[in-house]
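Trainee: when you get a sec, could you give me coordinates for this:
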Amino acid sequence: MKIILLLLLTACTNLFYQPTNRQFFKPEAFKLSYEDLYFRSQDGTKIHGWFFRAPGTPKGTIVQFHGNAENMSSHFLNLAWLVNEGYNLFVWDYRGYWLSEGESNPTGVYEDSLAALDKALELHKSSGGKHFVVFGQSLGGAISLRAVPDFKGKDAITLVVQDSTFSSYEDIAVDKMRSVWLLWPFSPLGYLLISDKYASEDVFSKITWPTLVITGGKDVVMPAKFGKKIYKGIASKQKWYWHVEEAPHISTFHVEGGRYRKEFLDLLDKISQP
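Mentor: The predicted model follows:
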């Protein structure tokens, strides 16, 4: 029984943090200039990030919270197109990912998130621009949504994005265990093995910023039901739900000829700060 519990716990834990300590892509290869920077998490852990400045006068800053695998050197490409559309982009790695020190764990990553938001807002204020957008993808959606109500500069946020994500670590662990026949009989134990201490569903009532929730019809990693739960549960009176039938996991901006890039830019143009 102990072996089974260890297997289950390991399987669940590996769902959330799968860091890679190598660089996948260099921004220079895409003719993107950037600042390579470090900042300290709330407990002093050194965290690594990149800041891409938009050419000319920026329209705002996008803060990317990336998914659980690899690191920011692959994930930045998902939103890098926004730089040439006039938006600064701040990307960073959770502790334990690539050049960020430490080892990933829920408490540490939560502290990293608050420090990253502080750093991003500092960069945003120094460069100018209207919008300050918190963009969470996959695991990064759950992490960012839990952090924003505790962020000291939360009044500066103009839009929160939840892309291909979930709101309960317990729920997603159980769902993934049920997808593996060997683990299916033990899936209810996911509620015992995984903590929801930092689950974003606990702060739904505090999410009052304009919020965009995105799900993909071809997303086999994160079923749309998890995004629908977020959309229905958050308190925001200004919220949008995009279900993109042709989109695999975190791929909305890369399907249908880039149609949703324009729609996202149009949304930013019309949105007003609450």
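Trainee: switch to C-alpha atoms for all contacts and neighbour counts from now on
Mentor: OK.
Trainee: for the stretch 151-274 of the chain, which segments count as strands?
Mentor: Here the stretch 151-274 of the chain has its strands, by DSSP state E, counting those that start in this stretch, at 159-163, 211-216, 239-244.
Trainee: could you say what helices and strands the last one packs with?
Mentor: I take that to be strand 239-244. strand 211-216, helix 224-233 (3 or more CA pairs under 8 Å, 6 or more residues apart in numbering; DSSP states H and E).
Trainee: sort out which residues of it are buried, please.
Mentor: Residues 239, 241-244 are the ones in strand 239-244 that count as buried (16 or more other CA atoms under 10 Å).
Trainee: nearest to residue 214 among those residues?
Mentor: When those are compared for distance to residue 214 (CA to CA), residue 242 wins out at 4.8 Å.
Trainee: so what's the closest one up against?
Mentor: Residue 242 sits next to 212-215 when contact means CA atoms under 8 Å, 6 or more residues apart in numbering.
Trainee: how about those residues, which pair is most distant?
Mentor: For the contacts of residue 242, the farthest-apart pair by CA to CA is 212 and 215; their separation is 10.2 Å.
Trainee: these two: who's more crowded?
Mentor: Neighbour comparison, residue 212 and residue 215: the larger count goes to residue 215, with 28 against 19 (by other CA atoms under 10 Å).
Trainee: my guess is that one contacts residue 227. True?
Mentor: Yes - at 6.1 Å, residue 215 and residue 227 qualify as touching, with contact defined as CA atoms under 8 Å.
Trainee: need the residues touching each of those two.
Mentor: In contact with both residue 215 and residue 227: 163-165, using CA under 8 Å, 6+ apart.
Trainee: what's the first helix or strand after the top helix by length along the chain?
Mentor: Using DSSP state H, we find that the single longest helix of the chain is helix 106-127. Downstream of helix 106-127, the next assigned helix or strand under DSSP states H and E is strand 131-137.
Trainee: chain center to that next one: distance?
Mentor: The chain centroid and the centroid of strand 131-137 are separated by 8 Å under CA atoms, centre = their mean, to the nearest Å.
Trainee: can you show me the helices along this protein?
Mentor: 2-16, 72-75, 106-127, 139-147, 169-178, 190-193, 224-233, 259-270.
Trainee: which ones are touching residue 148?
Mentor: Going by CA under 8 Å, 6+ apart, residue 148 touches 114, 154.
Trainee: got it, and residue 102?
Mentor: Residues in contact with residue 102 (CA under 8 Å, 6+ apart) are 45-46, 95-96.
Trainee: residue 83 versus that one, what's the distance?
Mentor: Distance of residue 102 to residue 83, given as CA to CA, to the nearest Å: 30 Å.
Trainee: again with residue 262
Mentor: Taking CA to CA as the measure, residue 262 and residue 83 are separated by 14 Å.
Trainee: neighbour count winner among the two?
Mentor: Using other CA under 10 Å as the criterion, residue 262 and residue 83 rank with residue 83 on top: 21 against 11.
Trainee: for residue 68, see how far away the residue lying closest to the more buried one once chain neighbours are set aside is.
Mentor: Nearest non-adjacent residue to residue 83, counting by CA to CA, 6 or more residues apart in numbering: residue 54, 4.9 Å away. Residue 54 sits 27 Å away from residue 68, going by CA to CA.
Trainee: neighbour count: those two, which is higher?
Mentor: Shown here are residue 54 and residue 68; by other CA under 10 Å, residue 54 has more neighbours (22 against 19).
Trainee: sorry, back to before: quick check: the residue nearest to residue 83 vs residue 136, distance?
Mentor: Taken as CA to CA, the span from residue 54 to residue 136 is 20 Å.
Trainee: same thing with residue 229?
Mentor: As for residue 229, its distance to residue 136 is 16 Å (criterion: CA to CA).
Trainee: what about this structure, any weak spots by pLDDT?
Mentor: Applying pLDDT under 70 to the chain picks out residues 1-15, 178, 180-192, 272-274.
Trainee: now do 80
Mentor: Within the chain, the stretches with pLDDT under 80 are 1-15, 176-193, 272-274.
Trainee: quick one on the thing from earlier: ok, the contacts of residue 242 vs residue 158, which is closest?
Mentor: Looking across the contacts of residue 242 and measuring by CA to CA, the closest to residue 158 is residue 212, at 11.1 Å.
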